[in-house]
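S.K.: Sequence and predicted structure are below.
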Amino acid sequence: VDSFELGTKTTWLGGNLLLNATLFHQEFSDFQLNSFLGTSFVVRSIPKVTSQGLDAELLWQTGGWMVQTGLTYADTKYGDDPLPDPELALLPGSRPSFAPKWSVTSSIGYDWRIGEKLKASAHVGAKYMSEYNTGSDLLPQKLQDGYVLGNARFTIGSRDKRWNVELWSQNITDAEYYQVAIDAPLQTGTWNAFLGAPRTYGVTLRLS
């Protein structure tokens, strides 16, 4: 891969605000594509893949507050040259699998003290991914629409870190999404999928 980057790292408000941004351009030669054929894996070589875009992040903190956000725009494409394998006929000029055009993360948290011996914190975060294909052959049946995942956490414990109790939830909106979709083994025209984890929640106690 030949990779070129042009970026900046900046601090504002006496160091409480950080803003970083990078423009990037990457050209892959002989890209190694790992494909699942239903009963086995095979690695194929793709002559060219190009990815270019913008990556930016922001961090702001004041008092007990902390806000973080990140954004990535990536225009990623296979080369236009036709491929000899008919199973990969959809690849030339298309966006590769697992390559969303937009990715956004954001979180907000707050820490505070309770009395003389306790401390607490609350944190909420989310991640957005625009649509992408989960199949190496880019069949439209394997397309994953854009989705949002949210997590939340509340912690209370002693300031000397001897103990704390954490209430937490992951995928709090119970979003359904494909981790990967595959052709069903020995069943032409049928597809299977491994789904992402559903909403989970619990309580964690830590002692030291």
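M.R.: Perfect, I can see it now. Numbering: from 1, shown residues only.
S.K.: alpha carbons only for contacts and neighbour counts from here, please
M.R.: Fine.
S.K.: For the nearest residue to A184 once chain neighbours are set aside, name its beta-bridge partners.
M.R.: Computed as C-alpha to C-alpha, 6 or more residues apart in numbering, the closest residue to A184 that is not its neighbour in sequence is W191, at 4.9 Å. Beta bridges link W191 to D183, judged by DSSP bridges.
S.K.: Run through the residues that contact W191.
M.R.: Listed by C-alpha atoms under 8 Å, 6 or more residues apart in numbering, the contact set of W191 reads 141, 181-184.
S.K.: In TSV: those, plus neighbour count.
M.R.: Shown next, in TSV, are the contacts of W191 (neighbours: other C-alpha atoms under 10 Å):
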residue	neighbour count
Q141	14
A181	21
I182	21
D183	20
A184	15
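S.K.: Show the contacting residues for the residue of the chain most remote from its centre.
M.R.: Taking C-alpha atoms, centre = their mean, the residue of the chain most remote from its mean C-alpha position is E116, at 39.4 Å. E116 makes no contacts at all, as judged by C-alpha under 8 Å, 6+ apart.
S.K.: cutoff 10 Å now
M.R.: 158-159 (C-alpha atoms under 10 Å, 6 or more residues apart in numbering).
S.K.: again with G70
M.R.: G70 neighbours (C-alpha under 10 Å, 6+ apart): 19-21, 55-59, 103-107, 127.
S.K.: Just the element for it, please.
M.R.: strand 65-78 (DSSP states H and E).
S.K.: Could you list the paired strands of that strand along with their orientation?
M.R.: strand 41-62 (antiparallel), strand 102-114 (antiparallel).
S.K.: Nearest to S94 among those would be which one?
M.R.: strand 41-62 (9.8 Å; C-alpha to C-alpha).
S.K.: and that closest one, average pLDDT?
M.R.: Mean pLDDT, strand 41-62: 94.
S.K.: now the strands for the chain?
M.R.: Ranges of strands in the chain, per DSSP state E, are 2-12, 17-36, 41-62, 65-78, 102-114, 118-129, 132-133, 143-144, 147-158, 163-170, 178-183, 191-195, 200-207.
S.K.: which parts of the first one are buried?
M.R.: Within strand 2-12, not a single residue qualifies as buried, counting by 16 or more other C-alpha atoms under 10 Å.
S.K.: what's it in contact with?
M.R.: 17-29, 50-60.
S.K.: Please, a ChimeraX command that selects the buried ones among those?
M.R.: Entered in ChimeraX, the line below selects the buried ones among these, by 16+ other C-alpha under 10 Å:
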select :17,18,19,21,23,24,25,26,27,28,50,51,52,53,54,55,56,57,58,59,60
